[in-house]
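> structure for this input, please:
(2 chains)
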Number of protein chains: 2
Amino acid sequence: MTTDFLVGQIRKKESFLCIGLDTDLDKVPKHLLQEEDPIFAFNKAIIDATHHLCVAYKPNTAFYEAYGIKGWQALEKTINYLNSNYPEIFTIADAKRGDIGNTSTRYAKAFFEDLGFDSVTIAPYMGRDSVEPFLAFKDKHTILLALTSNKGAFDFQTKMVEGKELYKQVLEISKTYENSENLMYVVGATKATFLTEIRNIIPNSFLLVPGVGAQGGSLVEVCKYGMSDNVGLLVNSSRGIIYASDQENFAQASAEKAKELQQQMSLELKKR
Amino acid sequence: MTTDFLVGQIRKKESFLCIGLDTDLDKVPKHLLQEEDPIFAFNKAIIDATHHLCVAYKPNTAFYEAYGIKGWQALEKTINYLNSNYPEIFTIADAKRGDIGNTSTRYAKAFFEDLGFDSVTIAPYMGRDSVEPFLAFKDKHTILLALTSNKGAFDFQTKMVEGKELYKQVLEISKTYENSENLMYVVGATKATFLTEIRNIIPNSFLLVPGVGAQGGSLVEVCKYGMSDNVGLLVNSSRGIIYASDQENFAQASAEKAKELQQQMSLELKKR
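The predicted structure follows:
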């Protein structure tokens, strides 16, 4: 998917919502456990109920790997279902991969070609030749971890490296990678100061922002300081939407939560 | 597996060789492609031919994910085969994972409990709460990327952070993590100066050293500057061993290559 198409979808749906499909069988409604593939049954119901309110879905691969072969089958069914029924949706494999060159190429093929995701999240620690194999795929997007939303982010990401924080070095240096126009960034910052400085380095790149909602971030702040001319934001919510209810009507409940966020996003888009 | 048991195996076999099972169907002998599961058939043959010469096997998960469900099945069969037939072997899932706390817990369960690996490689970028969920498993080992052997290592890992290189900060800070006694480290350095400085920070921890052989590192240098009182080294070779031949006798050829390295390692162990 091209970035232009994604921006078009955001304008049309008045939403830059990404829904995290972090599907946990301990949390899904009990009646689904009788299904042949309860993970996929849950995802399908959530997708059918919310697809018009969001522009992206982001399964975190850890939740699928935790169920072994069955988990991978559910992930495969989920991405196939999205690509077949809602091809206008931007899909993110939240995999946080990264390895030496020829090994990264294998991950890139797995996620972009075999599974057919539009994008994948990547850890930057191993540097240029661990990232560029992903960037080589046309109209596919590599979402690099820059500043994450967890406490451990302060262990290394915010440490000063040659006069600026490590996560800013990641932003700066990754701009020099080949095909860097295919980069997006995970930015867990919801604080104004962080976002302003990030936008000084990457004025137009898309940011995938976790931590709005359940993790306490403010959507208004994120938009005020993080929105670019082409919107440039995907704001993710996982648990707050998909586990809105554990009753029979769970999908409808998730749609209501998604609708709340979509309406706030619509207001923010109109401010511009 | 306890570290003491691993050290005992190293002494007994006079080997600290780890064989990387980076199985690529484009490179395995052609006659194996007729097998029902050629990846597993290849791995099984290599394992049966080399298990007495090495103490560890390290499948890189990228090579298995690249084949989708079939790849994961082959990985599962491989680890089950190792655990059933050669339980004395230390197993490493070279997965380079890492995510926020509760998500890392899911990866840890997948690799340690469900698949039954002794250890898994982890990227440090997300900090403490992305690593500690792995460290919580008794007699399981978390192998943190410190200094990798690829060119991209110089993008961030060797940058100066508060007076010392980032990879040294990773070593220092990770020592303060809960259950840090379960840490090992990926150290791609084969240069004397690097290894000496690394040993000053972590005198006893096990180092997983890639890049000896095919990538040009010197085993003698690694041992001279990296070996600790309890050996503290696992030296990996992948392609140099497993692709020694693409003929019918490939397993025997791989055993010959493994034997060469084992004999060099035996000499190094006797120097102590």
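
> list the contacts for the residue nearest to A:Leu32 when sequence neighbours are not counted?
With sequence-adjacent residues excluded and distances taken as Cβ to Cβ, 6 or more residues apart in numbering or on different chains, A:Leu32 is closest to A:Pro38, at 4.6 Å. C-beta: built from backbone N, CA, C; applies to glycine. Contact partners of A:Pro38, counting by Cβ atoms under 8 Å, 6 or more residues apart in numbering or on different chains, are A:Leu25, A:Val28, A:Leu32.

> I'd like the distance between the second one and A:Phe40.
I take that to be A:Val28. From A:Val28 across to A:Phe40, the span is 11 Å (Cβ to Cβ, to the nearest Å).

> same question for A:Ile242.
Separation of A:Ile242 from A:Phe40 (Cβ to Cβ): 14 Å.

> with neighbour numbers in mind, choose between the two.
Regarding A:Ile242 and A:Phe40, a neighbour count based on other Cβ atoms under 10 Å in any protein chain shown identifies A:Ile242 as having more, with 27 against 21.

> what residues does A:Lys13 make contact with?
A:His52, A:Leu53, A:Cys54, A:Val55, A:Gln262.

> please indicate which of the residues you listed are buried?
By neighbour count, with 16 or more other Cβ atoms under 10 Å in any protein chain shown, the contacts of A:Lys13 hold A:Leu53, A:Cys54, A:Val55, A:Gln262 as buried.

> now distance to B:Met1 too, for these, in TSV please.
Below are these laid out as TSV (distance: Cβ to Cβ, whole Å):
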residue	distance to B:Met1
A:Leu53	49
A:Cys54	45
A:Val55	47
A:Gln262	50
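
> contact residues of the stretch 151-272 of chain A facing chain B?
Residues of the stretch 151-272 of chain A found near chain B (Cβ under 8 Å from any Cβ of the partner chain) are A:151-157, A:159-162, A:166, A:169-170, A:173.

> can you tell me which one of those sits lowest on pLDDT?
Model confidence across these bottoms out at A:Glu162, which has 89.

> got the residue ranges for the strands in the stretch 1-150 of chain A?
Counting by DSSP state E, counting those that start in this stretch, the stretch 1-150 of chain A forms strands over residues A:17-20, A:56-58, A:90-97, A:119-122, A:141-147, given from the N-terminal end onward.

> actually the stretch 151-272 of chain A, not the one I typed
With DSSP E, counting those that start in this stretch as the definition, the stretch 151-272 of chain A shows strands at residue ranges A:160-161, A:164-165, A:183-187, A:207-209, A:233-237.

> indicate which one of the ones you listed is closest to A:Asp129.
Distances from A:Asp129 to each of the strands of the stretch 151-272 of chain A were compared by Cβ to Cβ, and the smallest falls on strand A:183-187, at 15.1 Å.

> what's the closest non-adjacent residue to whatever residue of the stretch 151-272 of chain A ends up closest to chain B?
Closest approach of the stretch 151-272 of chain A to chain B (Cβ to the nearest Cβ) occurs at A:Gly152, with a separation of 2.5 Å. Closest residue in space to A:Gly152, ignoring its immediate chain neighbours: B:Gly127 at 2.5 Å, by Cβ to Cβ, 6+ apart.

> right, and the one you found touches A:Asp155 too?
Yes - B:Gly127 is within contact range of A:Asp155, at 3.1 Å (criterion: Cβ atoms under 8 Å).

> and A:Glu14, how close does it get to B:Thr2?
To B:Thr2, A:Glu14 is 58 Å away according to Cβ to Cβ.

> which one of these two has more residues nearby?
Neighbours per residue (other Cβ under 10 Å) separate A:Glu14 from B:Thr2, with A:Glu14 holding more: 17 against 11.

> doesn't A:Met265 make contact with that one?
Yes - contact status for A:Glu14 versus A:Met265: in contact at 6.6 Å, counting by Cβ under 8 Å.

> coming back round to it: how about the strands of the stretch 1-150 of chain A, which one is nearest B:Ala74?
If you check each of the strands of the stretch 1-150 of chain A against B:Ala74 by Cβ to Cβ, strand A:90-97 wins as the nearest, at 18.9 Å.

> now what about the biggest helix by length in chain A, what contacts it?
Using DSSP state H to define each element, chain A has its longest helix at helix A:250-271. With contact meaning Cβ under 8 Å, 6+ apart, helix A:250-271 is reached by A:10-11, A:13-17, A:19, A:28-29, A:45-46, A:48-50, A:53-54, A:212-213, A:219-220, A:223, A:227, A:231, A:235, A:237, A:240-245, A:247.

> switch to 7 Å and redo it
The set of residues that contact helix A:250-271 without belonging to it, under Cβ atoms under 7 Å, 6 or more residues apart in numbering or on different chains, is A:14-17, A:19, A:29, A:45-46, A:48-50, A:53-54, A:219, A:223, A:237, A:240-242, A:244-245.

> now, which of those residues lie within helices?
Among those, the residues falling in helices (DSSP H) are A:Ala45, A:Ile46, A:Asp48, A:Ala49, A:Thr50, A:Leu219, A:Cys223, A:Gly240, A:Ile241, A:Ile242.

> distance of the closest residue to the third one other than its chain neighbours from A:Tyr243?
The shortest distance from A:Asp48 to any non-neighbouring residue, by Cβ to Cβ, 6+ apart, is to A:Ala251 (6.9 Å). Distance, A:Ala251 to A:Tyr243, by Cβ to Cβ: 12 Å.

> equivalent analysis for A:Arg106, please.
As defined by Cβ to Cβ, A:Arg106 lies at a distance of 34 Å from A:Tyr243.

> which one's more surrounded, these two?
Legend: neighbour count by other Cβ under 10 Å for A:Arg106 and A:Tyr243, higher for A:Arg106 (23 against 20).

> look up the pLDDT of the more buried one for me, please.
Predicted confidence (pLDDT) at A:Arg106: the value is 95.

> thought it was touching B:Thr61?
No - in this structure, A:Arg106 is not within contact of B:Thr61 by Cβ atoms under 7 Å, at 9.5 Å.

> what count of nearby residues applies to the residue lying closest to A:Tyr81 once chain neighbours are set aside?
With sequence-adjacent residues excluded and distances taken as Cβ to Cβ, 6+ apart, A:Tyr81 is closest to A:Lys44, at 6.0 Å. One way to gauge burial is a neighbour count; for A:Lys44, by other Cβ under 10 Å, it gives 18.

> touching, A:Lys44 and A:Leu82? I think so.
No - contact criterion Cβ under 7 Å: A:Lys44 and A:Leu82 do not qualify, at 9.6 Å.

> about what we covered before: tell me the mean pLDDT for the longest helix of chain A?
In this model, helix A:250-271 carries a mean pLDDT of 96.

> next, the buried residues of that helix.
Neighbour counts over helix A:250-271 (16+ other Cβ under 10 Å) mark A:250-251, A:253-262, A:264-265, A:268-269 as buried.

> distance from the chain centre to it, please.
17 Å (Cα atoms, centre = their mean, to the nearest Å).

> can you give me the neighbour number for A:Asn249?
A:Asn249 has 13 neighbours, counted by other Cβ under 10 Å.

> and it, backbone torsions?
In terms of degrees, to the nearest 10, the main-chain angles of A:Asn249 are phi -90, psi 30.

> OK, contacts around it?
Shown here is A:Asn249, which makes no contacts under the criterion Cβ under 7 Å, 6+ apart.
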